[in-house]
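[1] my questions concern the predicted model and sequence given below.
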Amino acid sequence: MASRERLEAQIDQWRSYVQRHRAIAPADVDEMEDHLRGRVDDLTATGLDDDEAFLVAVRRMGNLDAVSHEFAREHSERLWKQLVLVPDDDAAQASGPAWRELAVVLALAVGAGIAVKVALAAFDTDSALLRNVPLMTAPFLAAYFVWKRRVARRVVGALLVPYALLAVVLNVYPYVDTGSTVVLAAIHAPVVLWALVGVVYVGGRWRDQDPRMDFARFTGELVVYVTLLAIGGGVLLGLTAATLSLVGMDIEPAMESWIMPFAVPGAVVVGAWLVEAKQDVVENIAPVLTRVFTPLTTVMLLVTLVVLLGAGGLADVERELLILMDAILVLVLCLLLYSVSARDSLARPGWFDGLQLVLVAAALAVDAVALTAMLTRIAEFGFSPNKVAALGLNLLLLVHLARSGLLLLGFLRERQPFGALVRWQTRFLPVYAVWAALVVVAFGPVFGFA
């Protein structure tokens, strides 16, 4: 998009935002727009380009009236990202040949594969592999964003400390290989690692709202791309294996020893590059995915609720069913985050927002039943690492979803801006990383590493 056309689109977005406030008359909006355009013209005359001038003008307008201040607070971070982190085509061409980034990505993907091969050779138990494979691969994904975002050395240095502590805890604690705490540590450590990758992704600006939501959207898009790569790669490997089997060749040993160790971590790095390179494509896919899976997930939750209520005494509910409930609730949370990140925050409430409220209400009902079942099992059979971990996660989900439901209801009744819901998501996300770190660090000693 040309610079001037982008400026007009930004002004139109600002105008739409201002017009949503019914207390402002159309004539006042016209006057405010003239004032904004005048400021933009004055700033461009001083040497700023159109994007820079608009960003500064909106911030200065925000000092004069409350509506523009709200717009500047909700959108200036996104505009900054457009200006600094997502350069236009001329700037991208000036930064170097297009093949350079692909070469960096492929080198990091191969490096991740080599790291996994080293882990396979160094660790002889399944539990040790589960703990260390994410540790070996996460630095390569983080390295891509360090290179891509030109992250400051002080940020990288600060992140090396929690990474090193995590590595020490996972490998020094005297876990029992068949115990529960080692499995919990292996499950929760990737959450901590992903939070560290998120800090790198946003260039160290984790305190800002928009970068956090960008990372949430990136996570959803990465899952989509990695899934597509896995499906395509699986079909290709299946056809290759079938063809070679006709001449008596078995590639299964090669798949286990070489192909999978390189393909799986490599797909994550390449998927991250695809998300970065194809933002315009993903932005068209994201709303479609949310509209397809939200009603399907709502139906699944209602069926699950019926199954739970019909399971008899809550103490008799199978542990496997409760674990499945947690997985479904996490899926609902991810879908909610993805939907919120893909939505135009300036659009008025619609039917899909009402459907999301139904989804959240159904998830809260399932969570309440699951929590009751967990507390009943704890009262009858006592505490265990798995029960405490599941209880803590469900309490976090209850708080997160309950507040999200209230904010969605307020938005549907036009008493809350959509930005309030976005801010709640981004503020609560770090809580999950803190809880995951607590599980990894504290559960082993508390429960005797059993």
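    Thanks, I have the structure now.
[2] which helices and strands does the helix or strand harbouring Leu406 pack with?
    Using DSSP states H and E, Leu406 maps to helix 385-412. The contact analysis (3 or more CB pairs under 8 Å, 6 or more residues apart in numbering; DSSP states H and E) places helix 385-412 against helix 180-201, helix 319-342, helix 351-381, helix 418-446. Where C-beta positions appear, they are placed from N, C-alpha and C, glycine not excepted.
[3] domain ranges for this structure?
    3-92, 98-277, 281-416 (automatic domain parsing).
[4] which one of those lies closest to Ala433?
    domain 98-277 (3.6 Å; CB to CB).
[5] so where is the stretch 101-250 of the chain shaky, pLDDT-wise?
    For the stretch 101-250 of the chain, no stretch is flagged by pLDDT under 70.
[6] sorry, back to before: lowest-confidence stretch among the helices and strands packed on helix 385-412?
    Here these differ in mean pLDDT, and the lowest is helix 319-342 at a mean of 80.
[7] so for that one, what gets flagged as buried?
    322, 325-326, 328-329, 332-342 (16 or more other CB atoms under 10 Å).
[8] what's the neighbour count on the closest residue to Ala450 other than its chain neighbours?
    Leaving aside its sequence neighbours, Ala450 sits nearest to Gly179 (CB to CB, 6 or more residues apart in numbering; 4.6 Å). Neighbour count of Gly179, defined by other CB atoms under 10 Å: 17.
[9] how much space separates Gly179 from Val172?
    16 Å (CB to CB, to the nearest Å).
[10] among the domains of the chain, which is nearest Pro445?
    With CB to CB as the criterion, Pro445 lies closest to domain 98-277 of the domains of the chain, at 7.8 Å.
[11] before we move on, which element is Pro211 in?
    Assigned by DSSP H and E, Pro211 falls in helix 209-245.
[12] packing partners of that helix?
    Packing partners of helix 209-245 (3+ CB pairs under 8 Å, 6+ apart): helix 66-80, helix 180-201, helix 260-277, helix 279-309, helix 319-342, helix 418-446.
[13] recalculate using a threshold of 6 Å.
    Judged by 3 or more CB pairs under 6 Å, 6 or more residues apart in numbering; DSSP states H and E, the packing partners of helix 209-245 are helix 260-277, helix 319-342, helix 418-446.
[14] and what about Tyr175, helix, strand or coil?
    Under DSSP: H, G, I helix; E, B strand; the rest coil, Tyr175 falls in the coil class.
[15] hmm, I typed the wrong one, I wanted Ala57.
    Quick answer, by three-state DSSP: Ala57 is helix.
[16] mind listing what Leu407 touches?
    416, 420-421, 424 (CB atoms under 6 Å, 6 or more residues apart in numbering).
[17] dump those residues into CSV; add neighbour count and distance to Arg348 as well.
    Converted to CSV, the contacts of Leu407 look like this (neighbours: other CB atoms under 10 Å; distance: CB to CB, whole Å):
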residue, neighbour count, distance to Arg348
Gln416, 15, 13
Ala420, 16, 15
Leu421, 23, 14
Trp424, 17, 20
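[18] any idea how far stretch 291-306 is from the chain center?
    21 Å (CA atoms, centre = their mean, to the nearest Å).
[19] average pLDDT for it?
    On average, stretch 291-306 scores 83.
[20] need the CA coordinates for it. PDB is fine.
    This file holds the C-alpha atoms of stretch 291-306, laid out as PDB (Å, rounded to 0.1, in the frame of the first residue of the first chain):
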ATOM      1  CA  ARG A 291     -16.100 -18.600  12.700                       C
ATOM      2  CA  VAL A 292     -15.900 -22.300  11.800                       C
ATOM      3  CA  PHE A 293     -14.500 -23.600  15.100                       C
ATOM      4  CA  THR A 294     -16.400 -21.400  17.600                       C
ATOM      5  CA  PRO A 295     -19.800 -23.000  16.900                       C
ATOM      6  CA  LEU A 296     -18.300 -26.500  16.700                       C
ATOM      7  CA  THR A 297     -16.500 -26.000  20.000                       C
ATOM      8  CA  THR A 298     -19.700 -24.700  21.600                       C
ATOM      9  CA  VAL A 299     -21.600 -27.800  20.600                       C
ATOM     10  CA  MET A 300     -18.800 -30.000  21.900                       C
ATOM     11  CA  LEU A 301     -18.800 -28.200  25.200                       C
ATOM     12  CA  LEU A 302     -22.600 -28.600  25.600                       C
ATOM     13  CA  VAL A 303     -22.300 -32.300  24.900                       C
ATOM     14  CA  THR A 304     -19.400 -32.600  27.400                       C
ATOM     15  CA  LEU A 305     -21.500 -30.800  30.000                       C
ATOM     16  CA  VAL A 306     -24.300 -33.300  29.500                       C
END
